[in-house]
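S.K.: 3D, please:
(2 chains)
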2 protein chains.
Amino acid sequence: MDETGLHRQAANHWPISPLSFLQRTAQVYPEYRAVVHGPHSMTWGELDVSARRLAAGLMARGIGKGDVVAILSPNTPAFVQAAFGVPLTGAVLLTLNTRLDPGTLGYCLEHGEAKMVLVDAELLPRLHDALGHMHYRPSVVRIDDPLGPSGGDADALFPDLFAADPAPHLLPDDEWQSFSLSYTSGTTGRPKGVVYSHRGVAMTAISNALDWALPHHPRYLWTLPMFHCMGWCFPYTIAMTAGANVCLRAVSADAMEAAFRDHDVSHFCGAPIVMQMAIEAAERLGGKSVKMMTAAAPPPAPVIQRAEAAGIHVTHVYGLTETYGPCVVSAWKQVWDGEDDDSRAKRKARQGVAYALQDRISVRDPDTMEETPRDGETIGEIMISGNIVMKGYLKDPAATETAFRGGMFHTGDLAVRHTDGYVEIKDRAKDIIISGGENISSIELEDALYAHPAVASAAVVAIPDEKWGERPCAFVELSADAEADEDELKAFVAGRVAGYKKLARIIFEPLPKTSTGKVQKFALRERARSL
Amino acid sequence: MDETGLHRQAANHWPISPLSFLQRTAQVYPEYRAVVHGPHSMTWGELDVSARRLAAGLMARGIGKGDVVAILSPNTPAFVQAAFGVPLTGAVLLTLNTRLDPGTLGYCLEHGEAKMVLVDAELLPRLHDALGHMHYRPSVVRIDDPLGPSGGDADALFPDLFAADPAPHLLPDDEWQSFSLSYTSGTTGRPKGVVYSHRGVAMTAISNALDWALPHHPRYLWTLPMFHCMGWCFPYTIAMTAGANVCLRAVSADAMEAAFRDHDVSHFCGAPIVMQMAIEAAERLGGKSVKMMTAAAPPPAPVIQRAEAAGIHVTHVYGLTETYGPCVVSAWKQVWDGEDDDSRAKRKARQGVAYALQDRISVRDPDTMEETPRDGETIGEIMISGNIVMKGYLKDPAATETAFRGGMFHTGDLAVRHTDGYVEIKDRAKDIIISGGENISSIELEDALYAHPAVASAAVVAIPDEKWGERPCAFVELSADAEADEDELKAFVAGRVAGYKKLARIIFEPLPKTSTGKVQKFALRERARSL
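M.R.: Purely as a prediction, here's the structure:
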């Protein structure tokens, strides 16, 4: 076919960007509620103008394409404003985990070369500690959320950033342009900076709506931290569907009950611990019809039954920071409705199949890249490719190349593939402990233990925990003649890691080892489960 | 930010293509129904294999990237197979309007340089007539649909094309690669070949699901011709949502009643005339909860009321061949539910706002490209830009450049913009008559009239028609001393144009003209409405 004149041009080819969703929804539904925060709220028209005023103010301060602006904040309206205002300048939004210890926070800021940090007043003291670990000082902008604490040392206040005149609706020149930056939990060493593109965030945001079959105007409760994988890209899903972002500074059954009651929440996401709170909240209200998307280890059958009895419809998803949050869904088939509870729970517990807009999920031998048979038994590594995979790791081309070897992203998660093509995780290659939705590195805890003079050998694995899903449990061999008890070692470790990583339990006994001297973690996991 | 190593690669950047939807749905929902045709049906697994067998067979016959394969067929399973099988080879699918006269059909085939035509046996005689107008002979492949006539001269039979081994799932190297070709109705001269890209078809298919808030597994009735703008890209929307394509060779109230009853249809699209049939079908069934997307002139308030009373929920959309079908939707707001019938009908009659994934619709002065004020009064031309705009016109760079001047696609439709941003068409710059969902060029009919020796002056405009929406009405001045009556001229024109373009009425009276001698069509339209 003669393609003369059929080239990409302004009329027929636009960068795919989540920023378009804000513009479109602000134009069509300016009077619809965009953000709700207790008694405060903002319409899409207001959010749009404020995000563009923020962008104009940031640009006036020299922020632009290629710069990194960080945010350290719970789920507040300011975070939603930043989620649009920062990328509008062409800059990259670094979303910091609010639970990190100051040392790791400082590492992420420095590695990301953040020029500015937007920080909620509650987290300002932690940020100042983090700055102490850094070799330069980014500009600190304090957010005084109306429902949080206020005050503290800062270079500027958040409202100062808002210029009088909003910036125009700017789109990137190229949809591959970097949009945001999220650090991994650093299970195998230092956290890695995962870079998202405009195209990837938009495709994920669209996928959330398609794979969850979202209606127009969902009322979305922010039980998922916005800093997690850029909030799984849900700020942009909610913009696209002209929904409402119902903010929450802290997640609890009480807060969820109030949001269910006052804002008629229709959808929310979160870890299994959030499901427990949601069940409690829904039960107190005599039931609440609401849909939940949950990742990480799926809850056991009785919990799902209780959730469903309370009106909570659960969709199980899977993903990683490297895949913009979830990109795999345990797609439900109607024919399974008739099965017994256990069977249904087992089906729902599987990680599932690729999102409709993701290219591919497969289970492969990481050495040969051969796909494993669909027998529900043969274990291989989950590999993913498509538009919902990160651009790569910031300033780490070697790690990027390793992660993408063979043309697919290597998740490090070990799984089987069932005869129907659904993937089910059997083990985590990296021995991650997932506690309250947060990844905890066993290696970091082992390092902390080894810092104690009495510790000869240490290995940390997950033990099941009703409230948190999992918590870390250490197995320790003491040095000859050395003495230390459980409380002493727990306190020692607690002084070196973030609060949520504290050891739940320490067992003093010989560690099982392979012939080459490697600790057999699978044996310890079994032992921990039997405790 | 240092972007070293953050480049597009196989793991993180895949061409956006509607062909991915077939692959994913065939893998996840292989046992779900993909196509229903009276008593016949096909699952997604079967459709996937058959489309890939078709692709393999076409490739074995030398069809590949850059080639054009045409289809001339009603809405049958074979069309659905071709909608996937032809693009899988890298070739471009030319979807021919089944109502075209042989001369125009031949023109489209020859202009598109089609190598092969897949033709339903019912349309084979017409194709043979069309071949008589051509300077070369494409290969003719006959489709004997089980619910249609069979037999007739052809080079091969459709089943012969299916190779034993299916082709692999192939994606284009580049998402900008051409996907399909649809000819305009040629209102201002020869039909123009509108070229679609993989990216554009995929974005439209996704948009259909988002803007209509489609559930998973819709049961979609094919009342819209699949040849119209590649079926508004719905074959791919239905693939993405793992729905069922319920085929229909011919649309009638009886056929719709049967489909509503036997296949529990949930969604369908079509022109206002289809709505009339749907109402009749739904009323006969004592009501049927179903959703309709309708384009072209929206039906008057009483018809919408009757539709809603019968359970039919109507969404009004707008688009052109150049925009992959609809890309503008009259997005409904709940607050309007409380208004009276007339007010609601007026709101619904507006063309509306851009699809969530379309970049922009605006109303502008075509000379200055300035946007018109949002006053509901100032008329300008509707202009559209974004990913849901054609690549351009085939072998017509000049027309492409004209259509895209100023960086937006010029629709030729004249409209106002209301204070809330919604667009409403006030006139058609090209004087198109839309009859039963088909565009009829007034110029073509005027030319046919002028061919009669008795005709001195002629002008054709639309008159409202309860059944067809609009039909063409001619105003004629006879030459001095010449004689001709209405029946004679009607028969004369009917011999020169396709059946659906026949003149409804001819009025013999002096034509109102401007000072420069141009016929005042707006005056004639008013006159026609008063007849």
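S.K.: and the gap between the spatially closest residue to A:Asn12 that is not a sequence neighbour and A:Val314?
M.R.: Nearest non-adjacent residue to A:Asn12, counting by CB to CB, 6 or more residues apart in numbering or on different chains: B:Val389, 4.0 Å away. (Each C-beta comes from the backbone N, C-alpha and C, glycine too.) In this view, B:Val389 and A:Val314 are 40 Å apart by CB to CB, to the nearest Å.
S.K.: Check A:Pro215 too.
M.R.: On the measure of CB to CB, A:Pro215 and A:Val314 end up 18 Å apart.
S.K.: If you count surrounding residues, which of the two has more?
M.R.: A:Val314 (20 against 14; other CB atoms under 10 Å in any protein chain shown).
S.K.: what's near enough to touch the residue most central in space within chain A?
M.R.: The centroid of chain A falls nearest to A:His228 when counting by CA atoms, centre = their mean (2.7 Å). Residues near A:His228 by CB atoms under 8 Å, 6 or more residues apart in numbering or on different chains: A:Thr95, A:Asn97, A:Ser182, A:Gly325, A:Gly437.
S.K.: now do 10 Å
M.R.: A:Thr95, A:Asn97, A:Ser182, A:Phe234, A:Cys269, A:Gly270, A:Ala271, A:Ala295, A:Thr321, A:Gly325, A:Gly437, A:Glu438 (CB atoms under 10 Å, 6 or more residues apart in numbering or on different chains).
S.K.: Could you identify the most distant pair in those residues?
M.R.: A:Phe234 and A:Glu438 (18.1 Å; CB to CB).
S.K.: These two: who's more crowded?
M.R.: Remark: of A:Phe234 and A:Glu438, A:Phe234 carries more neighbours, 28 against 23, as counted by other CB under 10 Å.
S.K.: how near is the residue of the stretch 251-400 of chain A found nearest chain B to B:Leu6?
M.R.: Nearest residue of the stretch 251-400 of chain A to chain B (CB to the nearest CB) works out as A:Pro397 at 3.1 Å. From A:Pro397 across to B:Leu6, the span is 8 Å (CB to CB).
S.K.: Phi, psi for the nearest residue to A:Thr419 once chain neighbours are set aside please.
M.R.: Leaving aside its sequence neighbours, A:Thr419 sits nearest to A:Arg374 (CB to CB, 6+ apart; 5.2 Å). Dihedral angles of A:Arg374 (phi, psi; degrees, to the nearest 10) stand at phi -90, psi 70.
S.K.: Also the one 5 residues further on?
M.R.: As for A:Ile379, its main-chain torsions (degrees, to the nearest 10) stand at phi -90, psi 140.
S.K.: What residues does it make contact with?
M.R.: A:Val363, A:Asp365, A:Thr372, A:Leu414, A:Ala415, A:Val416, A:Arg417, A:Ile425, A:Lys426, A:Asp427.
S.K.: And for A:Tyr236?
M.R.: A:17-22, A:83-84, A:87, A:179, A:198, A:201-202, A:204-206, A:208-209, A:230.
S.K.: for the stretch 351-500 of chain A, what are the low-confidence residue spans?
M.R.: A:427-430 (pLDDT under 70).
S.K.: Return the residues of it in contact with chain B.
M.R.: Proximity of the stretch 351-500 of chain A to chain B, by CB under 10 Å from any CB of the partner chain, involves residues A:352-361, A:383-401, A:403-410, A:420-422.
S.K.: Quick one: buried ones out of those?
M.R.: Among those, those classed as buried by 16 or more other CB atoms under 10 Å in any protein chain shown are A:352-361, A:383-396, A:399-400, A:403-404, A:408-410, A:420-422.
S.K.: re the thing from before, from B:Asp485, how far out is the residue nearest to the centre of chain A?
M.R.: Distance of A:His228 to B:Asp485, given as CB to CB: 78 Å.
S.K.: ok, now A:Lys333?
M.R.: In terms of CB to CB, A:Lys333 sits 66 Å off from B:Asp485.
S.K.: For the stretch 151-300 of chain A, which segments are assigned as strands?
M.R.: A:156-157, A:178-183, A:193-197, A:219-221, A:244-246, A:267-270, A:290-294 (DSSP state E, counting those that start in this stretch).
S.K.: same question for the third one, mean pLDDT?
M.R.: The average pLDDT within strand A:193-197 is 98.
S.K.: the inter-axis angle of that strand versus strand A:178-183?
M.R.: 160 degrees (axes from the mean of the first three to the mean of the last three CA atoms, to 10 degrees).
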